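**Q** below are the sequence and a predicted model for it; my questions follow.
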Amino acid sequence: SAAPKPKPTESSMDVESEESTTSSVEDIEDIGSRGPKLKKPTRPVARTKKRKRGNSPTAPSQALIATSWRDALGPPPPKGDTEEQLKVWLVYQKKKWAWQLEQKAFRASLGKRIRSEPDKTSSRPSGTLGSFIKKTQQTLLNTPWQIIQLGETNEPGVLRLWVLVGAELHQLRLIVPRIFYVNQRSPRTETEDALWRKCSRILPRSRPSYYLYEFSVPEQLYREHSQELMADLSMPDIEGIYETQVTLEFRTLLKLGCVCTVEREEARRLAASSSRDINTFSLHQLKMLSLAQQPYLKEGVAKVRHIFLYHHKASTGPRALMGLFMPATKRALVVILDSVRTNQMPNLNSLIAAEKTAKLNKGKDADELPETELSFEVRVETEFRQACRQIQRALQAYRDEKKGPTLVAIQSQMDIPALVSSMPGLNDFPVVPIYIQDMDSLYATLDWQRVGAKAMLRHYLNMETGLQLTTEQCRYFHVPLGNLPADPTLFGADLFYGRHLQRHNCVLWCSQTDKPDLGGREADDNRLLTELEESTSVVTNNAGCYSTVCVELDLDSLAVNTLLQSHHVNDMEGTSSSVSFDLMPQVSIDEMVGGQTAVLPTYDETALCSGAFRVLRSMVNAWIRDVSLHRNVFADFQIVHFYRWLRSPNALLYDPALRRTLHNLMKKLFMQLVSEFKRLGATIVYANFSKLLLCTKKRTVEDAIGYVEFVVTSIRNKELFHGIQISYHQCWEYLVWLDLSNHGGVKGNLPKGLAGVGEGELMTRRTNEEEEGEEDEDEEEGVQLNKDDEDEDDGPEIIMNWNMVEYLPESVRMHFSA
């Protein structure tokens, strides 16, 4: 074999390369004169081209290779005070400027070379881990987030966000600070890195704002110093501390809603940072988006796969049934929990097929039903812990299969946090609770497994419809799908009112108790103890015997109508709010600017909550606009439950002063309504905020309905009563009336299809026309029809409702009932 050629030394290679480079430069100079003679030396030319690609002709020197001018030129000399030192410093600066110019020119030439020459690395596949992470970060920072669930974590001040970004589901950490307001009588001293800032807000109950500061501190720091903060309330310099009872979750829902995005400036800053793992955000970095900018789950929950977890336990005994349905994998796990291992479960495939057929026969659309071709696995356990382990394993197996974005819809008697603690695998999915419960005695039968399985499969088939309905309600509330509580109307009213208050620059008085957060003064407000209940309502009752037709009417939306017409109520009484005690005394501008606002006397708490009352009216106006313009059924639900929310101590923004203010206005409006009925000649038998019983003095039901139509239409033409909904309930041909719990008489029959007032005359005409047509058509069979009518008519219906019987002696009670 031939001996290997000796490798050239490093110095010889440098010399050879320098010579070849020099010769190549000279050949290029003489290209025009030599012509084709340059084609002969092929090897040196190839070596020269290879060398050019490795090192540019404008290759930098050692000074340019340095990362900075300090590394290239050394540390700068001091400027000094003498002329010699100044010259040395100036020479150094000139060298530095020259180095910077060379560096700039080199970068410019390098950029031109990169743009002109084809980049071989660009043709390589870009599917590296770094490019994938960068692309994911860009999508996360620039794409709107659709929040599926917002939940708490074990870390104080950190919430878990499940967001749908494009087609990917992300679990993110959200840092929410504790924000509260301190109202001081003297200004604070400005310091660096302060956790507070001076602001201007409207305080609850129109408390004067002296020097109001907004504190934004980490939750952990707030918990460590919460006792000190409460002790500061006793200091004479502090008037009050507000919004200390607003939960982090509620504050986040107020600010972000169900669709949000990263602030543009924050997105640029995070994209420019060197952090590769962006999964933690602060609340101030995000902003809410309207549904016009980004629809929320536009395709319902079809874009997100779902798992259905069912759990129901008997009220007594260990009997329980758990089911995990995974339509994406076409598998279902059913766990029976009993004291003995007895499997009496029927064939679930045939059972679910029968339930599906029954729903389709009732007109259910097949597209609204979930997957029914499932492979069922039935297990029997005697301990709840073992049953949870079975569900846990199935969830882990589904997670490992990576079927895409998935949520878990849970229908259980247990609280969601308790269920998650028993099955930690639920933390890997966003959780959506379904607030439907079976009766406690469902398993009190011998074949309880068949009955329970049938109920479980029925709930599974209804899951799709329930999730779609919940999603539509979440769109209107602008709240994540997994954060809708069991009473959505009360929670929705709190959300709407809180956002309206923040929009009007008001401080919230959220509280978990029946006393609002008044900055620490709620214990001093004795008016909170004097609650006005419905017993103080204005009730009109005229006991007697009425031989003519009496019509009972139902009144709805009295509270909403009173709220909207509150500025006209005093006008009907001949007074105005300018001469009453329901307005706050005005202060001068100098006192407001100087922070020396005195506590002016007020004689009615209506004046204290006048600002919040106006915000309340604007919120209800928005609901009515949604109903009238967009036909939104959820806005109609909010209007129906408005007065219940205002009276409920369980509401977060419950304020007894607001309730009493509206209650007093309702009494005034109700008295005006009763006086209008009396003015038009009607006799009031009984009347309260929801019921009106009129004696029409008419002998027939048709005449009585015509009279009521005339009276109610005349009243509703007035703007003050235009929003009150009046509908027919029943009528009496003869009535003996003592009070609401003690009355009796002969009940009359209202025309069929008669509901709201205003349809009575039309319905009467239709009834007469139909009767005339039937008489013409059935003229020959009239005798037989009359006989049938006589057989069907058993006489008038007599109703006796006398509650006083329960308080009579036993001997008298028997004679009274007879």
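**A** Perfect, thanks for sending it. Quick caveat, the model's predicted, so the values are computed rather than measured.

**Q** residue ranges with poor pLDDT in the stretch 551-700 of the chain?
**A** The model of the stretch 551-700 of the chain has pLDDT under 70 over residues 573-604.

**Q** swap in the chain?
**A** Along the chain, segments meeting pLDDT under 70 span 1-67, 110-132, 274-277, 299-302, 525-537, 573-604, 758-795, 818.

**Q** pull out the buried residues from the lengthiest strand in the chain.
**A** Longest strand in the chain by number of residues (criterion: DSSP state E): strand 725-739. For strand 725-739, burial by neighbour count (16 or more other C-beta atoms under 10 Å) applies to Ile726, Tyr728, Cys731, Trp732, Glu733, Tyr734, Leu735, Val736, Trp737. In this view, the C-beta of every residue, glycine as well, is placed from N, C-alpha and C.

**Q** same deal with stretch 618-630?
**A** Quick answer for stretch 618-630 (16+ other C-beta under 10 Å): Met619, Val620, Trp623, Ile624, Asp626, Val627.

**Q** need the contact list for the second one.
**A** Listed by C-beta atoms under 8 Å, 6 or more residues apart in numbering, the contact set of Val620 reads Val560, Leu563, Leu564, Ile639, Phe642.

**Q** follow-up on the earlier one: as CSV, the buried residues of stretch 618-630 with distance to Cys260 and secondary structure would be great.
**A** Output for those, formatted as CSV (distance: C-beta to C-beta, whole Å; DSSP: H, G, I helix; E, B strand; the rest coil):
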residue, distance to Cys260, secondary structure
Met619, 22, helix
Val620, 27, helix
Trp623, 24, helix
Ile624, 28, helix
Asp626, 22, helix
Val627, 27, helix
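
**Q** quick check: the farthest pair among the residues you listed?
**A** With distances taken as C-beta to C-beta, the most widely separated pair in those is Met619 and Val627, at 13.3 Å.

**Q** helix, strand, or coil at the most centrally placed residue in the chain?
**A** The centre of the chain sits closest to Val479, judged by C-alpha atoms, centre = their mean, with a distance of 1.5 Å. Classification of Val479 using DSSP: H, G, I helix; E, B strand; the rest coil returns coil.

**Q** who are the contact partners of it?
**A** Contacts of Val479 by C-beta under 8 Å, 6+ apart are Leu253, Gly257, Cys258, Phe491, Gly492, Leu495.

**Q** distance of Pro516 relative to Phe215?
**A** Relative to Phe215, Pro516 is positioned 20 Å away (C-beta to C-beta, to the nearest Å).

**Q** okay, the two: which has more neighbours?
**A** The residue with more neighbours, out of Pro516 and Phe215, is Pro516; 23 against 19, by other C-beta atoms under 10 Å.

**Q** verify the contact between that one and Trp509 for me.
**A** Yes: counting by C-beta atoms under 8 Å, a contact exists between Pro516 and Trp509, whose distance comes to 4.0 Å.

**Q** got any residues that touch both of the two?
**A** Pro204, Leu653, Asp655.

**Q** any quick ChimeraX command for the buried ones out of those residues?
**A** Per 16+ other C-beta under 10 Å, the buried members of the shared contacts of Pro516 and Trp509 correspond to this ChimeraX selection:
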select :204,653,655
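
**Q** now the shared contacts of Pro516 and Trp509 in JSON lines, please, with extra columns for distance to Val158 and secondary structure.
**A** Listed next are these as JSON lines, based on distance: C-beta to C-beta, whole Å; three-state DSSP:
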{"residue": "Pro204", "distance to Val158": "29", "secondary structure": "helix"}
{"residue": "Leu653", "distance to Val158": "26", "secondary structure": "coil"}
{"residue": "Asp655", "distance to Val158": "31", "secondary structure": "coil"}
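
**Q** out of the shared contacts of Pro516 and Trp509, which is nearest to Met456?
**A** Leu653 (38.3 Å).

**Q** show me this structure divided up by domain.
**A** 14-114, 132-174+255-288, 178-245, 305-477, 532-609+655-765 (automatic domain parsing).

**Q** dump those to JSON lines, plus distance to Ala523.
**A** As requested, the domains of the chain are exported to JSON lines (distance: least, C-beta to C-beta, whole Å):
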{"stretch": "domain 14-114", "distance to Ala523": "65"}
{"stretch": "domain 132-174+255-288", "distance to Ala523": "27"}
{"stretch": "domain 178-245", "distance to Ala523": "11"}
{"stretch": "domain 305-477", "distance to Ala523": "31"}
{"stretch": "domain 532-609+655-765", "distance to Ala523": "14"}
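
**Q** now Gly492: closest residue in space that isn't a chain neighbour?
**A** Excluding the flanking residues, the one nearest Gly492 by C-beta to C-beta, 6 or more residues apart in numbering is Phe477, at 4.7 Å.

**Q** typed the wrong thing, it's Ser216
**A** Per C-beta to C-beta, 6+ apart, closest to Ser216 is Pro177, 4.6 Å.

**Q** quick one: residues contacting that neighbour.
**A** Contacts of Pro177 (C-beta under 8 Å, 6+ apart): Gly157, Ser216, Val217, Pro218, Glu219, Ser282, Leu283.

**Q** let me know the closest of these to Lys95.
**A** Distances from Lys95 to these, taken by C-beta to C-beta, are shortest for Ser282, at 45.8 Å.

**Q** doesn't Ile175 make contact with the closest one?
**A** Yes: applying C-beta under 8 Å as the test, Ser282 and Ile175 come out as touching, 4.8 Å apart.

**Q** the more surrounded of the two?
**A** Ile175 (17 against 12).

**Q** let me see the contact set for that one.
**A** Gly157, Val158, Pro218, Thr280, Phe281, Ser282, Leu283.

**Q** list the beta-bridge partners for it.
**A** Beta-bridge partners for Ile175, by DSSP bridges, are Val158, Ser282.

**Q** what's the spacing between it and Asn279?
**A** For Ile175 relative to Asn279 (C-beta to C-beta), the value is 11 Å.
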